[in-house]
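A.B. asks: Quick check, what structure comes out for this input:
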Amino acid sequence: MLTQTLAITFLLFIGIFPNPDFIETTPNTVTTIDPTSAIYEGLHNTNGVLPSKEVFTLAIQGWNKMKGNLKSKVLTVIDFSLPSTAKRMWVIDPVKGEILLNSVVSHGRNSGDLMANAFSNQPESFKSSLGFYKTAETYSGKHGYSLRLDGLEKGFNDQARNRAIVIHGADYAREEFAKSVGRLGRSLGCPALPSELSAKAIDLIKEGSLLFIFGNDDTYLSKSSLIKA
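C.D. replies: Residues are numbered from 1 along each chain as shown. The predicted structure is shown next:
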């Protein structure tokens, strides 16, 4: 209040406020800024739409809890509530407020056709698994340059390494495939990317960043501790 009073006195002195009767003062207030909203609103995306604010908020809540254990602050968000024809994967730099990559991504063949609506952590289920993952090492396999993932949520995706759930490129994950078939091709559970983008995406997120896969699944949404504020 002292600072405000001195400022008003100075303005009166120099004549900006010639009539004190028109000066209105307000009590001190504390403005609370939601950091998640600030990050979301500040994102610079030149490659398409943003993820929904609801999904982004869940991802950031997990990222805030885990970021002290990450080697990279990059956050990857996959929204399997969207159809496979949509660019439903985002690689985000929350610190700089930038979208680094936005792409289509395939889901597991037993999770659904155009839409992913069934999820599993079980080996040989050929379904996608929801939740938070930590990216690990790269390797060269039958799909070429690939990235291993370690599931961080017991019961939801902690079998990822045993199931060989990895990020890799595939021609069936390309937008041209979707245009001819009406949906992307499907994997055995891996989040497969367009073959021309996979190496770039892997290099952006490899070795210790966080990845979040969202889906409309009541069990996950009610039981995951990482998505809770």
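A.B. asks: Let me see the ranges of the helices in the protein.
C.D. replies: Applying DSSP state H to the chain gives helices spanning 2-14, 35-42, 53-66, 175-181, 198-205, 218-223.
A.B. asks: All the strands of this structure, residue numbers only.
C.D. replies: Counting by DSSP state E, one finds strands in the chain at the ranges 75-79, 89-93, 98-103, 131-141, 144-151, 166-170, 192-194, 210-214.
A.B. asks: Run me through the strand neighbours of the longest one, direction for each.
C.D. replies: Strand pairing for strand 131-141, determined by DSSP bridges: strand 144-151 (antiparallel), strand 210-214 (antiparallel).
A.B. asks: Not counting its own residues, what contacts it?
C.D. replies: Strand 131-141 is touched from outside by 62, 66, 69-70, 72, 76, 145-153, 156-157, 160-161, 166-168, 202, 205-213, 220, 224, 226, with contacts defined as Cβ atoms under 8 Å, 6 or more residues apart in numbering. Glycine gets a C-beta too; all of them are placed from N, C-alpha and C.
A.B. asks: Recalculate using a threshold of 7 Å.
C.D. replies: Contacts with strand 131-141, where a contact means Cβ atoms under 7 Å, 6 or more residues apart in numbering, come from 62, 66, 145-153, 156-157, 160, 202, 205-213, 220, 224, 226.
A.B. asks: and that strand, which residues are buried?
C.D. replies: Within strand 131-141, the residues that count as buried by 16 or more other Cβ atoms under 10 Å are 131, 132, 133, 134, 135, 136, 138.
A.B. asks: roughly how far apart are the residue nearest the centre of the chain and residue 124?
C.D. replies: In the chain, the residue lying closest to the centroid (Cα atoms, centre = their mean) is residue 77, at 2.5 Å. Residue 77 sits 27 Å away from residue 124, taking Cβ to Cβ, to the nearest Å as the criterion.
A.B. asks: swap in residue 151?
C.D. replies: Here residue 151 is placed at a distance of 16 Å from residue 124 (Cβ to Cβ).
A.B. asks: likewise residue 130?
C.D. replies: From residue 130 over to residue 124 (counting by Cβ to Cβ), the distance is 18 Å.
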